[in-house]
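>>> Curious how this folds, go ahead:
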Amino acid sequence: MKKLSVIVPLYNFEQYVFDCIDSIFKQKTNFDFDVIIRDDNSTDKTQEKLNELKLKYPEIKILDGSENLGALNNIKLLLDNSESEYIAYLDGDDLFGDKDKLQKQVDFLDENTDYVMTFTATKYLYEDYASPKEEDAFIISLKEDITTEDLLETNYVGFGRVFRNKKNIIKKYFEGLPFVDWPLNYELSKQGKIKFLNIFGGHYRISKKGIFSTLSEEEKELNINKVKNRLKEDYNKNIKTITIIDCFVSNDSLLSKLRDAISNLKKHDHKILLVSNKVPPQDLIEQVDYFLYNSENKLFKEQYENVSYVDLWKSYEGFTIHEVTPELQRHGLSVMCNLFNCLDLAKSLGYTHFQRMEVDDLFSDESYEFMKTIPELCKNENKKSLFYFNEKDISFHYFFSEIDFFLEKINRVDSEESYKKYLKNNGFGDEFKSVEVYMFHNLMNSNTNLILSKYGSDQMNLDFPNTMWNTETSQSTLAEFYEGCTTKIYKVNNQDSLAILSFNYNNHRVIRKIIIEFDNHEEEIIHYLNYSWAWSYNIYWENIKKIKVYNSETDEFLYEMENKNIYGYLEFT
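Residues are numbered from 1 along each chain as shown. Okay, the predicted model is just below:
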């Protein structure tokens, strides 16, 4: 595949086409490029000139021009016939300028992946000049960076466009519009920013054959307003957003929270796509708009080095449990696979954006109201997504994104092998990284400013007031020896004491017998955990050497924990 294609639309340019094509082949690049030309069934001798050009430049690709398609379809056909990474556009009566123009533009786009197009300065070339006057002033852009919102007001993008080859960029609504370049620039701007490079890109010819220059001032204004109004109509149409909930219904508590989440989302007019690796009750499926069942339930199974820790905090009136545990979130593989499958389905259903939320986060009514404002918030900031960042990862509690943006920026996960391959290829070796870190790394590597970034849990609490986070923990996150109920030694924040705390993640009663070994004696305690999400703790001011944990109902020894490398802690307020 070539790096770049120069596309050249022609119509009645017999006296200009040789100079135009000669200017292209004067370009000096360190990459190969195509030149693709189509004459739109001219009434002059343009076609004969093309036959002569083919002898001079055998490598040019000339498309069949026996039918007059009009300017729009002529350009569309040229674009459809390019398989290169980048497109350079040049009308058949214009000329390229500096010999390194294309090289500089391609270099910029290679180095700045959040930009979709560059354009350049130009000089006018008038009919009565035998050659352009070198003292003529450059025509430069009023703006260096052009956004979608800018293009709703005027077509700031001028001469010398080089842009990423985005397929199907010409839309149905272009038909009937007097210009192709402005709506094309607008559609490209949805894919990224546009940069003006202050280099001499070439000569723009002012002639009696120009489509725009031959119009009266009144006609020009009418045509400009027609395009502007159509673009604003497209821009202001409603964003079609779907809410994705991924929920493995493992206990009655989680099922109850799922029901409440669906009820609240419906109350606030959300469309819901529920995905699960376990079939929920039929009446619940009937409450959502779409249900996607994935029977595979893929979990991380392989061994990884240097597994770091994650804080599964749970907040209650008066204190917070900080259960710091290895972050080998085995269900994370299923989460990522399900998300990509959901986005494929949502896109096929015509949705443009999505928001993903955790069902065990108990969102307040104020939070649901805030969610309604996020699409408009992103649009006003010219962003395609909203993510909450910490220093090294991304929160999965909530995020919002344009579907195409997400699919473009995040490497697809469909297996543990694809996940490991990404980690290895990006400097992590055999270390395990959570899906939050995986997402963070993907987005940071994309070098994009199309993300509305919000940092830290404090900001989340401000945006989502009175919301309770992390009210469930998947048993697949826990080591098997816990049998769904953790009993651990915790530090007590701001106190010279330790706590023994048990937390039940099971959907049934659990009784734990704990033998506590102190420096000079032992003590036995019992924790009764009668329901899911139940907890019990004891605080000790003397040193604990280790604990031994038993299933009290069977008297089976489960595990022991020494007072070493204690990461979890209780925080009292």
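>>> Can you give me the domain assignment for the chain?
If you go by automatic domain parsing, the domain ranges for the chain are 4-236, 241-308+328-463, 478-572.
>>> can you tell which of those domains is closest to T320?
Nearest of those to T320, taken as CB to CB: domain 478-572 at 4.5 Å. (Each C-beta comes from the backbone N, C-alpha and C, glycine too.)
>>> Centre of the chain to that closest one, how far?
Offset of domain 478-572 from its chain centre (CA atoms, centre = their mean, to the nearest Å): 41 Å.
>>> on that earlier part again, can you redo the domains of the chain as JSON lines with distance to T320, mean pLDDT and mean neighbour count?
Formatted as JSON lines, the domains of the chain follow (distance: least, CB to CB, whole Å; pLDDT from 0 to 100; neighbours: other CB atoms under 10 Å):
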{"stretch": "domain 4-236", "distance to T320": "38", "mean pLDDT": "91", "mean neighbour count": "17"}
{"stretch": "domain 241-308+328-463", "distance to T320": "12", "mean pLDDT": "88", "mean neighbour count": "17"}
{"stretch": "domain 478-572", "distance to T320": "5", "mean pLDDT": "93", "mean neighbour count": "16"}
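>>> Distance to T471 added to the ones you listed, as TSV?
As requested, the domains of the chain are exported to TSV (distance: least, CB to CB, whole Å):
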stretch	distance to T471
domain 4-236	37
domain 241-308+328-463	5
domain 478-572	7
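>>> Among the ones you listed, which comes closest to H322?
Of all those, domain 478-572 comes closest under CB to CB, at 5.0 Å.
>>> Distance across stretch 535-555, terminal residue to terminal residue?
For stretch 535-555, the first and last residues are 20 Å from each other (CA to CA, to the nearest Å).
>>> what does the strand or helix carrying K226 contact?
Using DSSP states H and E, K226 sits in helix 217-236. Applying CB atoms under 8 Å, 6 or more residues apart in numbering, the contact partners of helix 217-236 are 148, 151-155, 173, 177-179, 182-183, 186, 212, 215.
>>> Please repeat the previous calculation with a cut-off of 7 Å.
L151, L152, Y173, L177, P178, F179, W182, P183, Y186, F212, L215 (CB atoms under 7 Å, 6 or more residues apart in numbering).
>>> Next: stretch 513-532.
For stretch 513-532, contacts defined as CB under 7 Å, 6+ apart pick out 251-253, 485, 487, 500, 502, 504-507, 509-512, 536, 538, 542-550, 552.
>>> Then stretch 404-418?
The contact list for stretch 404-418 (CB under 7 Å, 6+ apart) reads 300-302, 333, 336-337, 340, 343, 384-385, 419, 422, 439, 442-443, 446, 448, 450.
>>> now do 6 Å
Stretch 404-418 has contacts (CB atoms under 6 Å, 6 or more residues apart in numbering) with F300, L333, M336, C337, F340, K384, S385, Y419, Y422, N442, L443, S446.
>>> rewinding a little: just give me the closest of the contacts of helix 217-236 to E366.
Taking CB to CB as the measure, E366 lies nearest L152 of these, at 31.9 Å.
>>> OK, contacts around the closest one?
By CB under 6 Å, 6+ apart, the contact list for L152 reads L231, K232, Y235.
>>> how far is the helix holding K226 from where the chain is centred?
So, by CA atoms, centre = their mean, the centroid of helix 217-236 is 31 Å from its chain's centroid.
>>> same question, stretch 430-441
Relative to where its chain is centred, stretch 430-441 has its mean C-alpha point 16 Å off (CA atoms, centre = their mean).
>>> mind checking the end-to-end distance for it?
Stretch 430-441 has an end-to-end distance of 16 Å (CA to CA).
>>> Also stretch 21-33?
Length of stretch 21-33, first residue to last, CA to CA: 13 Å.
>>> which residues sit against it?
When contacts are defined by CB under 6 Å, 6+ apart, stretch 21-33 is touched by residues K2, K3, L4, V6, V35, L53, L95, F96, K99, D100, L102, Q103.
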